[in-house]
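Peer 1: Based on what follows, work out the 3D shape:
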Amino acid sequence: MTIALPSLLKIELDRLQFDKTDKFIWIEQIPIGFGGQISRRLLGLKLALALDRKAVFSDVADAPYLQTLEAQDVGAPDIDWSLYELFDPLAPQADAYLRFEYEGASRRLKDHGYIESWARDKIIARFELPADYNVDGEILKWMRLIPSVAAEIESARIRLGISSTTLGVHFRRGDKTVESAYVPAAHFNDAILRVFETWRFESLFLASDSPKAIEEIKTPPGVRVIFDFEEIRYNNANHKMLFRNPALAQQETYTAAKNLALLSACGGVVGQDNAHFATLSAAVVAANFSDKRRILLLHGQVAELESPSLRRYFEVKRTIRKFARACVPDEVRVKLLRFKLF
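Peer 2: Below is the predicted model:
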């Protein structure tokens, strides 16, 4: 009997994460934005599939956010993981217990690409999948929201009228300027029109940190715009705000999970290629629909490409940021972030 490829990865994830296994890799979660948290879980599960190990996550929640996903590592050992060897992507390791440290693994792969791509290539080879197989999309579809969060999000989907005939637009604002200049609204509007030329979507769901997004994003004639006016928007570094105001954790956890899930429930996505919500939802949409013309991810640094002075400014910011991250291991960053020092 031939097993469909999506079912193959699902079966393997079920075996690794829910059944008894004898090899494990510890994934330390960093208190960062919600999209980054889900991307870290995605990477952990890719490492599980690539290495034939159970990925063990440091918590069921994604601090400073509350729990949104069902437990993904049943039967994980309760041990002091700091005592065990760090994972090395370039060395064979037979140890039963390994620790994953992102910056360290990335430095080892400096001349071999990103750790995310390394893990994907290993999965493609291990399971003999097509070179263009959507590994990320299938893993994300395997993840399950806890029932209470799933019910709230489904209620919002029905209230807003989001369906497979809706184009999701992630208009990234908030704290994105710590990494790169905002992608101008004109580029988003042009991308929306380009998608509309090949796919006549009926509505457009606009997800954004900015309350002014509804004024900047334009829809083609006859297309209904969906903007959740019930959502409270702060247009800031959301996770850092939650460290200062933990009472907002429930509200902001729901908002983040809702927007990511609703973008993923659309029939197409427009966003930028360096924003987690856009790349994650695009992977799910690509797994649900075969027409790749429904997805358009803009170059996240397009504003810098158009302005040399802006490019120089952000290159300096990124260099300083990269140096700081490289000097501080994940486990130390966790402590510093929790004490509002990083």
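Peer 1: Name the residues of stretch 219-239 that come out as buried.
Peer 2: Along stretch 219-239, the positions that meet the burial threshold by neighbour count (16 or more other Cβ atoms under 10 Å) are 219, 223, 226-228, 231, 233-234, 237-239. Yep, even glycine has a C-beta here, placed from its N, CA and C like the rest.
Peer 1: Can you name the residues in contact with it?
Peer 2: The contact list for stretch 219-239, computed with Cβ atoms under 8 Å, 6 or more residues apart in numbering, reads 31-34, 64-65, 156, 160-162, 166-167, 173-175, 178, 192-193, 196, 201-206, 208-211, 213-214, 217, 241, 251-252, 255-256, 258.
Peer 1: Mark which of those are buried, thanks.
Peer 2: In terms of neighbour count (16+ other Cβ under 10 Å), the buried residues within those are 31-34, 64-65, 156, 160, 162, 166-167, 173-175, 192, 196, 201, 203-206, 208-210, 213, 217, 241, 252, 255-256, 258.
Peer 1: picking up where we left off before, so can I have a markdown table of the buried residues of stretch 219-239 showing pLDDT?
Peer 2: As requested, those are exported to a markdown table (pLDDT from 0 to 100):
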| residue | pLDDT |
| --- | --- |
| T219 | 97 |
| V223 | 99 |
| I226 | 99 |
| F227 | 98 |
| D228 | 98 |
| E231 | 93 |
| R233 | 89 |
| Y234 | 83 |
| A237 | 73 |
| N238 | 78 |
| H239 | 81 |
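Peer 1: what number of residues lie near the nearest residue to P184 once chain neighbours are set aside?
Peer 2: Among residues not flanking P184 along the chain, A303 sits closest, at 5.9 Å (Cβ to Cβ, 6 or more residues apart in numbering). Burial measure for A303: 17 neighbouring residues, criterion other Cβ atoms under 10 Å.
Peer 1: can you check H112 too?
Peer 2: Each residue near H112 was counted by other Cβ under 10 Å, and the total is 12.
Peer 1: Let's test this: what are the backbone torsions at the spatially closest residue to it that is not a sequence neighbour?
Peer 2: With Cβ to Cβ, 6+ apart as the measure, W118 is the residue that lies nearest to H112, at 6.6 Å, once sequence neighbours are left out. With angles defined as degrees, to the nearest 10, W118 shows backbone torsions of phi -60, psi -50.
Peer 1: Spit out the contact partners of W118.
Peer 2: Contacts were defined as Cβ under 8 Å, 6+ apart; by that measure W118 touches 50, 89, 109, 112.
Peer 1: Out of these, flag the one nearest to V60.
Peer 2: V60 has its nearest neighbour among the contacts of W118 in A50, at 22.9 Å by Cβ to Cβ.
Peer 1: Please, which helix or strand holds the nearest residue to the closest one once chain neighbours are set aside?
Peer 2: Nearest residue to A50 in three dimensions, chain neighbours excluded: K122, at 3.6 Å (Cβ to Cβ, 6+ apart). Counting by DSSP states H and E, the element that carries K122 is helix 115-127.
Peer 1: The helix or strand following that helix packs against which elements?
Peer 2: The element immediately downstream of helix 115-127 (helix or strand, assigned by DSSP H and E) is helix 135-142. Judged by 3 or more Cβ pairs under 8 Å, 6 or more residues apart in numbering; DSSP states H and E, the packing partners of helix 135-142 are helix 5-18, helix 34-51, helix 115-127, helix 276-288.
Peer 1: where does this structure dip in pLDDT?
Peer 2: Along the chain, the model assigns pLDDT under 70 to residues 1-6, 175-178, 324-342.
Peer 1: Assess the claim that S106 and G113 are in contact.
Peer 2: No - counting by Cβ atoms under 8 Å, S106 does not reach G113; the two are 9.8 Å apart.
Peer 1: Kindly indicate which of the buried residues of stretch 219-239 lies nearest I38.
Peer 2: The nearest one, if we look at the buried residues of stretch 219-239 relative to I38 and count by Cβ to Cβ, is H239, at 12.5 Å.
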